[in-house]
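whatever this is, show me its structure:
(2 chains)
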Amino acid sequence: MDRSRLAFIAGSAVALACRRRAAEVPSAADGPYAETMIAGSRRRFPNPLLTSHESRAVRLYDDFVRGRLVLLNFAYTRCEGKCPLGLRTLLAARSLLLPRLGCAPGLVTLTLDPEHDTPGVLGRFVAAHGGPAGWTCLTGARADLETVRRFLGFVEPDPRVDADRSQHGALVAIGDDRRGRWQVASTQMGAAQIAQLALRTAGVSSPASRPATTCAARGD
Amino acid sequence: MSAFGRAIRFSRRDLVKLGFGVAGAATLGKIVGPRAARAQDPPPTPIRFTPFTRELPIPPTLAPVAPFATSCQFATATTPNFYRVLMRKAFTEIIPGVQTEIWGYEGLYPGPTIRGRMGQPDVVRQVNGLDVETSVHQHGGHNPSDSDGLPVQDQLIFPGGFKDYCYPNAEAGSSRGAGDPNDNPTTLWYHDHATDITGPNVYHGLAGFYLITDALEEGLVSSGKLPAPAFDVPLVLQDRRFNADGSLFYNPFDHDGFLGDVFVANGKAQPFFRVQRRKYRFRILAGSNARMFFLRLSNGFPFLQIGNDSWLLPFAIQRDRIFLGMAERADVVIDFHDAPDVVFLENILRQDSGRGPGGDTDNPDVRVPGTPLVKFVVEGANVANDATIVAGDLLRPNTPIGADEIVATRLFEFNRSNGAWQVNGRFYDENRADANPALGSAERWILKNGGGGWWHPIHVHLEAHQVQSFNGIAPALHNSFKKDTTNLGPGDEAEVFMRFRDHLGRFVMHCHNIEHEDMRMMIRYDVV
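Residues are numbered from 1 along each chain as shown, chains lettered A, B, ... in the order given. Alright, predicted model coming up:
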């Protein structure tokens, strides 16, 4: 195959991929939920259509959870105190994981303030944090975000406390979809403890047991 | 399908029609009106069965194996008993006619009973044949730090690995002269304690009894005061929730405390147990992750409580009802003389969430009639020459810890913070000791429930604690001696004394609502 033909095919593929991302809404076989195994039970994981800080249309489960290790948390850009602290902890935990896993697992931050946190606002928020690769902020319909929050158990039993969104900015759900293992912890534990928990979640007890595709689903 | 039991399985469509699906449950919540904010309700077990068609199983006693090379070292020259336990998955029948995969010690649910004797060490090699990490805690044991089964990285048994647990079975205090036989334990249990995943590990089956005896207890049995071994029944009460295919349902996103909706005794859903008209000893363990039990007998007969948690009481105490928080044990004698042909052990506690029951420790909310847990089928005529135990009979003396021995007071407040669980405003960190009691000293610890309507049964490793006061007044008589787990209702405060003997190093104290524990409601303390 000559070089120009190869360049044409490659260019077409990239263009096709870009066009698909720009124009198509990701489809999900199971609507707003995706079936997966969690703790040995078949569960319907929320898979709503959301928008990333890059204005990409995405599905939570399909694009960020399926077949990989991931960290999910809630925050909002106007949050002071817990959210920035929690995010710094999670970003630091990812850095600690990099040498152990050979990759930094995805960190997905869902907003608790979707009316304010538009993709543009989230984009500037990520940029202000240095725009680390693998960190995605998501916004969308409040009802969809609430579904995810309740599924993960980021709730307070007192409705008045539950309505205070600052209450939910300190938790992180760490999951490895391949193993069906999920755990929720407080980011106040610190980066080292979060990283250690993530390693155990991924089944990593020593460097020798490092899985090959921890951070990305096969085929990504 | 069994002729005795009937399991009805529902299709997903059937469940949706019945409003049993996750979405259905959420909708139901909206219909019934204002309610506390909650995570998604767990789906109810979609399997129906006829209770009391299966006999209560008695966990088999684990047999010793030939000695093997081990790093365990003991102060005594007495040859240890060696045991080998393989943690593995297996299928078992919990609900009649339904096979359920469990994670069991030796593939059993509950695990085999290990029987030890004071003065003779045990070496227990735990082999991890599961695909999750584990750590095995002997609950109530007085063991070296490295054999405590701690939730710390260097003590975890990863898949394919093993660990030898070295249990001296030595009298507490014996490292510095004569030990105190009054602190010899009897009803212990062993269960998983892996960091952050104790909840799912125990829930899937990793728990069993560890019974230790000594000359005093053997004398109580041989003299005919306590029932003979044939009438000594370990009984673990739990709750479980099932999927339609019979597998266990567990939700790692339920941080309040996970509740099941099927009551299980010794691994069977609502079994029956044939008894003679005589006295039986039952070592009752509240073995759920987050469910408590308020027990009574359907015929109104009382319990005769002879032990609390790991230890025999100084004397037998008659009780009409017994309230147990998670991990607490009640060693009781039930007298079936003159009993009707059928007696039920009932749970009358009203508990609808992992937060705990309503009411308080003195008067928890009840629901009458309660849920029958075990059906006793009482057979034959009254048995003559039965065990002689009656209320007030002396059992094991207690050596009180004097106030003049106390060298330090520490306050531990158990509270919730932003959706997670703390002690004194901090999360458990295995690399940080939050208390450093000195070896050989005694301390006064204040265990305080920070409120919010949550319940926290607090378990202290290594040593018994002696409850001095509960909410400022003397504790209930049965709680006045030795405990290893003290149940704190909303706002409760317990003052306890402890001695720290024999073993240096790391230990922990934590809430035994296991979901709270997994979200770090725990401290490490070091004996120094």
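
in stretch B:286-301, which residues are buried?
Within stretch B:286-301, the residues that count as buried by 16 or more other CB atoms under 10 Å in any protein chain shown are B:286-298, B:301. Where you see a C-beta, it was placed from the backbone N, CA and C, and this is true even at glycine.

run the chain-centre distance for that stretch.
12 Å (CA atoms, centre = their mean, to the nearest Å).

what stretches of chain B score poorly on pLDDT?
Where chain B drops to pLDDT under 70, the residues are B:1-40.

at 50 instead, please
Residue ranges of chain B with pLDDT under 50: B:1-35.

where do the helices sit along it?
Ranges of helices in chain B, per DSSP state H, are B:12-18, B:22-31, B:198-203, B:215-222, B:514-518.

Three-state assignment for A:Phe125, please.
helix (DSSP: H, G, I helix; E, B strand; the rest coil).

quick one, domains of chain B?
B:222-382, B:403-527 (automatic domain parsing).

now the ones you listed in CSV, please, with extra columns for distance to chain A.
Listed next are these as CSV, based on distance: least, CB to the nearest CB, whole Å:
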stretch, distance to chain A
domain B:222-382, 4
domain B:403-527, 4
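
including distance to A:Ala143, could those domains go into a markdown table?
Converted to a markdown table, those look like this (distance: least, CB to CB, whole Å):
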| stretch | distance to A:Ala143 |
| --- | --- |
| domain B:222-382 | 19 |
| domain B:403-527 | 21 |
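
show me what the closest residue to B:Ser298 other than its chain neighbours bridges to in the sheet.
Nearest non-adjacent residue to B:Ser298, counting by CB to CB, 6 or more residues apart in numbering or on different chains: B:Phe344, 3.9 Å away. Beta bridges link B:Phe344 to B:Lys375, judged by DSSP bridges.

ok, B:Val236 - contacts?
Residues in contact with B:Val236 (CB atoms under 8 Å, 6 or more residues apart in numbering or on different chains) are B:110, B:189, B:207, B:209, B:265-267, B:284-285, B:287.

weed out the non-buried ones from those.
Among these, those classed as buried by 16+ other CB under 10 Å are B:110, B:189, B:207, B:209, B:265-267, B:284-285, B:287.

what is the neighbour count of the residue nearest to B:Asp331 when sequence neighbours are not counted?
Excluding the flanking residues, the one nearest B:Asp331 by CB to CB, 6+ apart is B:Gly307, at 2.8 Å. Neighbour count for B:Gly307, taken as other CB atoms under 10 Å in any protein chain shown: 26.

is it possible to get a markdown table of the contacts of B:Val236 that adds distance to A:Ala93?
Rendered in a markdown table, the data for the contacts of B:Val236 read as follows (distance: CB to CB, whole Å):
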| residue | distance to A:Ala93 |
| --- | --- |
| B:Pro110 | 37 |
| B:Trp189 | 35 |
| B:Ala207 | 32 |
| B:Phe209 | 39 |
| B:Ala265 | 42 |
| B:Asn266 | 42 |
| B:Gly267 | 39 |
| B:Ile284 | 43 |
| B:Leu285 | 38 |
| B:Gly287 | 34 |
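
does B:Arg499 really touch B:His465, like I thought?
No: the pair B:Arg499 / B:His465 is not scored as a contact, 9.4 Å apart, by CB atoms under 8 Å.

model confidence score at A:Ala22, please.
Note for A:Ala22: predicted pLDDT of 38.

mind listing what's buried in stretch A:43-55?
Across stretch A:43-55, burial judged by 16+ other CB under 10 Å covers A:43-53.

to clarify, my last question referred to stretch B:392-405.
Here stretch B:392-405 shows B:395-396, B:398, B:401 as buried, counting by 16+ other CB under 10 Å.

which of those lies closest to chain A?
When the buried residues of stretch B:392-405 are compared for distance to chain A (CB to the nearest CB), B:Ile401 comes out closest, at 34.2 Å.

correct me, but the closest one touches B:Glu495?
No: contact between B:Ile401 and B:Glu495 fails when scored by CB under 8 Å: they sit 11.7 Å apart.

looks to me like A:Ala85 is in a strand.
Rather than Ala, residue A:85 is Leu. No: judged by three-state DSSP, A:Leu85 forms no part of a strand; its state is helix.

so how far is A:Phe45 from the closest residue to it other than its chain neighbours?
In this structure, A:Leu85 finds its nearest non-sequential neighbour in A:Thr187, 7.1 Å apart by CB to CB, 6+ apart. Distance of A:Thr187 to A:Phe45, computed by CB to CB, to the nearest Å: 22 Å.

ok, B:Pro369 next?
As judged by CB to CB, B:Pro369 and A:Phe45 stand 40 Å apart.

also B:Ala63?
45 Å.

next: B:Gly300.
50 Å.

show me where chain A has helices.
A:3-23, A:60, A:82-101, A:119-128, A:142-152, A:159-162, A:191-201.

would you turn these into TSV with mean neighbour count?
Listed next are those as TSV, based on neighbours: other CB atoms under 10 Å in any protein chain shown:
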stretch	mean neighbour count
helix A:3-23	10
helix A:60	29
helix A:82-101	19
helix A:119-128	16
helix A:142-152	19
helix A:159-162	14
helix A:191-201	22
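
perfect, that will be all.
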